[in-house]
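> Any chance you could fold what I've pasted below:
(2 chains)
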Amino acid sequence: MSIRDTNYFPSNVVKYILLFATSFILSQAVGQSVDSVRTAILDSVSIVEADTLDSAMVTQALPVKFDSTAYYTRELSFTRYLITSEQYQDALFLLSRLEAESASASSEQRDSIRFMMGWVNYFDQNFEESIYLLSKVSDDSEISTQAKFYKSICFVYLREYDQAKQNLNEITLDSGSLEWELKMFQLGAIALLERDYNSFDSLSPYFSENHFQFSIEEQSMLIYHEELSSYKRKSPWIAGGLSALFPGIGKFYAGYRGTPFGAMYMTLPLALVAIEAVILAGVLSPQFLVLGALFGVFYVGNIWGSALSVFSIKKEIFNEIDRNIIYDMHIPLRRVFWQ
Amino acid sequence: MICIFHFAGYSGSENNTFQLADSLKDEGAFEWAALEYERICFEAFDNVVKTEALNKKSDCLLGMNNPKAAQKNLLRINYFGISDSLVYESRFRTAYSSYLSEDFEQAASQLFLVDQFLPERFQQKAAILYAITLNELRKWDQAKAKLEFWVEHSDLDSIGRDSALMNIDAVYNADNYPKFRDPERASTWSTFIPGSGQLYSGHLWDAAFSVAMMVTGLGLAAVGIFVIQYYVAGVILGYGVFQRFYMAGVKRAEYLANRKNYRTKRDYNIELLAMITLLQKKSPIHD
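The predicted model follows:
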């Protein structure tokens, strides 16, 4: 039978040519530069997809059939593995490559890549970069809610509470759902950070404590509220007065336990030296004027420091509570969205 | 050192699992190659493939001058169900990365496991790294034994072997071992006799300065009490100066002893390393 007599000829020849070309590309793969290998594979994929070859032949000829959905699903799954194992730099490297070649990706896949880049930056404490990347996730994406939650907490870490609230308020959710209660919880936490106890009181009734993902954190938030609102600052006048009577005691009254001894250690010896100078040389003697002035500086400084210490210890206590609040905002996000 | 301890190549998997990652590594794209090896770990079910990928990833991390990351990566290896040669490659790489990260205890522990569980030929291949690791741990007798073991199993002829053994004997002479200062003893000396701890550590000028400052403190007190008769001022000022330099002297003595020990060990080990490098060049490890 002559080849020309059959309909077999044209399609088969094209198949063999393509198969040969593909095999040649693969055989060159090891010896070529990496970019050329990848480009070659992607190019051959696009040729194959454009052609009418049957899928079985394509699968056989190529190591990977370029199914963009499967490709990005696999890559994003690998990225999650990298993030879980705290290999953030590797994850970012992979994601930036994915983004660079994301022309063939769907908008949802591009959103996923940007979201994960934002996510990695968030875990790596690069909040500004994270906000920038999370902002690029489109609003109609399925993950836009998550992106806004994460963007909001990035703003919280940057102490930009208005922006954080604005992001949360942009999220539209069904009342009573898990995410809706999470939103209320986050808004309540931000109210605490802003010391806006009225807002917290209006939000805390929505804390049902029924969702295991953040029921403990809801309870903790109520405790923080109690601690913050019931905190009674010590009197700076009393602290200063006590330090005037005996150096360091004012700081002890304010709540410090170590620094009072430091204050005594500096001020008392100077007091003794000044007293000695006044006894031996008189009040108007240069010795007393110099040593007395030196003592005076330390003495007054200690009184001033004791008066201020009541504010500084309050700030320290509140900062500690703020750190706990932010940590308790972070944990539920991981539990709710890390699936 | 990197030049001396080139790793032996793998027989490698027969499949194409490593094709992309290997070509990336060959191109010097270490970061991307490391990622691709990590992907192999992620996707592989076979522990042999995972172990090979982790080993190759560590090569990339070493190529990126990050021995700590290489060490951390290699410590993930599960040694279940892999061949002796792969166990050796993995343990050797772990020891090597640990050595470069200055985690000598970890390096020694990996090489100890090679000695305990692998055939003699692997012990011989690891002997030099083991010896220099033991040097860092100041276990020179054991290092000497390791080197002798290595020479005895090397392919040197009898004359070369005798000469090498004599070299080792000469350098690893117990009389040549550096004498170390006990930091705790230096600190104790300075506590009771100011400046003596610094002298014990071999720092005469440091001792002199410390003593001079303490004498100044005492002098200030004496002047205050006996000359100008400002007793309180004299005592407080004099005590202030004395106490500062006394406490600093105690801490400084301990620091100086540690610094002296570090330098002594480093100088001696450089000498040993030069000898070992020479030996290794005479009879390179073939693999």
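> how close does A:A147 get to A:F78?
As judged by CB to CB, to the nearest Å, A:A147 and A:F78 stand 21 Å apart. Using the backbone N, CA and C atoms, a C-beta is placed for each residue, glycine as well.
> More neighbours: these two, which one.
Looking at A:A147 and A:F78 with other CB atoms under 10 Å in any protein chain shown, you find the greater number of neighbours at A:A147, namely 26 against 18.
> ok, now how distant is that one from chain B?
A:A147 is 25 Å from chain B, where distance means CB to the nearest CB, to the nearest Å.
> do you know how far that residue is from A:R114?
In this structure, A:A147 and A:R114 are 8 Å apart, going by CB to CB.
> Next, show the common contact partners of the two.
Taking CB atoms under 8 Å, 6 or more residues apart in numbering or on different chains as the contact criterion, the common neighbours of A:A147 and A:R114 are A:L134, A:V137.
> Which one of the residues in the stretch 151-287 of chain B is closest to chain A?
For the stretch 151-287 of chain B, the residue closest to chain A is B:V232, as judged by CB to the nearest CB, at 4.1 Å.
> Up against chain A, what does the stretch 1-150 of chain B have?
For the stretch 1-150 of chain B, the contact set with chain A under CB under 8 Å from any CB of the partner chain comprises B:16, B:19-20, B:22-24, B:27, B:29, B:31-32, B:34-35, B:38-39, B:42.
> and residue 86, what does it touch?
Since you didn't name a chain, this refers to chain A. Applying CB under 8 Å, 6+ apart to A:E86 gives the contacts A:F123.
> nope, chain B please
Under the contact definition (CB under 8 Å, 6+ apart), the residues listed for B:L86 are B:V48, B:T51, B:E52, B:N55.
> count of neighbours near the last one?
One way to gauge burial is a neighbour count; for B:N55, by other CB under 10 Å, it gives 22.
> and if you look at B:M213?
B:M213 sits with 18 neighbouring residues when counted by other CB under 10 Å.
> give me every residue that touches the nearest residue to it once chain neighbours are set aside.
Setting aside the residues directly before and after it, B:M213 is nearest to B:F245 in space (CB to CB, 6 or more residues apart in numbering or on different chains), at 4.0 Å. B:F245 is in contact with B:P194, B:S210, B:M213, B:M214, B:G217, counting by CB under 8 Å, 6+ apart.
> what separates the fourth one from A:N210, distance-wise?
In this structure, B:M214 and A:N210 are 70 Å apart, going by CB to CB.
> what pLDDT does the residue in chain A that chain B sits nearest to get?
Using CB to the nearest CB, the closest approach of chain A to chain B is made by A:E276 at 4.1 Å. With respect to pLDDT, A:E276 has a value of 92.
> Same check on the one 4 residues further on?
Here, the pLDDT recorded for A:L280 equals 90.
> Quickly find the element holding it.
When secondary structure is defined using DSSP states H and E, the element that contains A:L280 is helix A:259-281.
> tell me which residues in that helix are buried?
For helix A:259-281, a neighbour-count test (16 or more other CB atoms under 10 Å in any protein chain shown) marks A:260, A:263-264, A:266-274, A:276-278, A:280 as buried.
> quick one: it to chain centroid distance?
When C-alpha coordinates are averaged (CA atoms, centre = their mean, to the nearest Å), helix A:259-281 and its chain have centres 50 Å apart.
> Can I get it in PDB, CA atoms only?
Provided in PDB are the C-alpha atoms of helix A:259-281 (Å, rounded to 0.1, in the frame of the first residue of the first chain):
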ATOM      1  CA  THR A 259      15.600  50.700  90.200                       C
ATOM      2  CA  PRO A 260      14.900  52.300  93.600                       C
ATOM      3  CA  PHE A 261      18.200  50.800  94.800                       C
ATOM      4  CA  GLY A 262      20.000  52.400  91.900                       C
ATOM      5  CA  ALA A 263      18.600  55.700  92.800                       C
ATOM      6  CA  MET A 264      19.700  55.300  96.400                       C
ATOM      7  CA  TYR A 265      23.200  54.100  95.400                       C
ATOM      8  CA  MET A 266      23.800  57.300  93.500                       C
ATOM      9  CA  THR A 267      22.100  59.900  95.700                       C
ATOM     10  CA  LEU A 268      22.900  58.900  99.200                       C
ATOM     11  CA  PRO A 269      26.700  59.000  98.900                       C
ATOM     12  CA  LEU A 270      26.500  62.400  97.300                       C
ATOM     13  CA  ALA A 271      24.200  63.500 100.200                       C
ATOM     14  CA  LEU A 272      26.800  62.300 102.700                       C
ATOM     15  CA  VAL A 273      29.600  64.100 100.900                       C
ATOM     16  CA  ALA A 274      27.600  67.400 100.800                       C
ATOM     17  CA  ILE A 275      26.800  67.100 104.500                       C
ATOM     18  CA  GLU A 276      30.400  66.600 105.300                       C
ATOM     19  CA  ALA A 277      31.300  69.700 103.200                       C
ATOM     20  CA  VAL A 278      28.800  71.800 105.000                       C
ATOM     21  CA  ILE A 279      30.000  70.700 108.400                       C
ATOM     22  CA  LEU A 280      33.700  71.100 107.600                       C
ATOM     23  CA  ALA A 281      33.600  74.200 105.400                       C
END
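> Give me the contact list for whichever strand or helix holds B:L199.
Secondary structure from DSSP H and E places B:L199 in helix B:196-200. Contacting residues not belonging to helix B:196-200 are listed as B:181, B:185-191, B:204, B:206-207, B:210, B:249-250, B:252-254, B:256-257 [CB under 8 Å, 6+ apart].
> cutoff 10 Å now
Contacts of helix B:196-200 from elsewhere in the structure, counted by CB atoms under 10 Å, 6 or more residues apart in numbering or on different chains, are B:181-183, B:185-191, B:193, B:203-211, B:249-257, B:260.
> moving C-terminal of the helix holding A:L280, what's the next helix or strand?
On the C-terminal side of helix A:259-281, the closest following helix or strand by DSSP H and E is helix A:286-337.
> what angle do that next one and helix A:259-281 make?
For helix A:286-337 against helix A:259-281, the angle between stretch directions is 170 degrees (axes from the mean of the first three to the mean of the last three CA atoms, to 10 degrees).
> Check which helices and strands helix A:286-337 is in contact with.
In this structure, helix A:286-337 makes packing contacts with helix A:107-123, helix A:144-157, helix A:178-193, helix A:215-230, helix A:236-245, helix A:249-254, helix A:259-281, judged by 3 or more CB pairs under 10 Å, 6 or more residues apart in numbering or on different chains; DSSP states H and E.
> what residues go with each domain of the chain?
Since no chain was named, I'll use chain A. Listed by automatic domain parsing, the domain ranges of chain A are A:3-61, A:68-172, A:173-230, A:236-324.
> actually chain B
Under the assignment automatic domain parsing, the domains of chain B span B:1-9+B:21-115, B:183-267.
> so where's chain A uncertain?
Counting by pLDDT under 70, chain A shows low-confidence ranges at A:1-67, A:339.
> Need the residues that contact whichever strand or helix holds A:K165.
Take DSSP H and E as the rule and A:K165 turns out to sit in helix A:161-169. With contacts defined as CB under 10 Å, 6+ apart, helix A:161-169 is touched by A:131, A:134-135, A:147-158, A:160, A:182-184, A:186-187, A:189-191, A:193-194, A:196, A:199, A:329.
> coming back round to it: closest one to A:L291 out of the contacts of B:L86, please.
When the contacts of B:L86 are ranked by distance to A:L291 (CB to CB), B:N55 comes first, at 72.0 Å.
> What about the closest one? Give its phi and psi, please.
phi -60, psi -50 (degrees, to the nearest 10).
> pLDDT wise, what is it at?
What the model reports as pLDDT for B:N55 is 95.
> Can you flag the buried ones in the contacts of helix B:196-200?
B:181, B:183, B:186-190, B:203, B:206-207, B:209-211, B:249-250, B:252-257, B:260.
> Just those residues: which are in helices?
Helix and strand membership here follows DSSP state H; of the buried ones among the contacts of helix B:196-200, those in helices are B:183, B:186-190, B:206-207, B:209-211, B:249-250, B:252-257, B:260.
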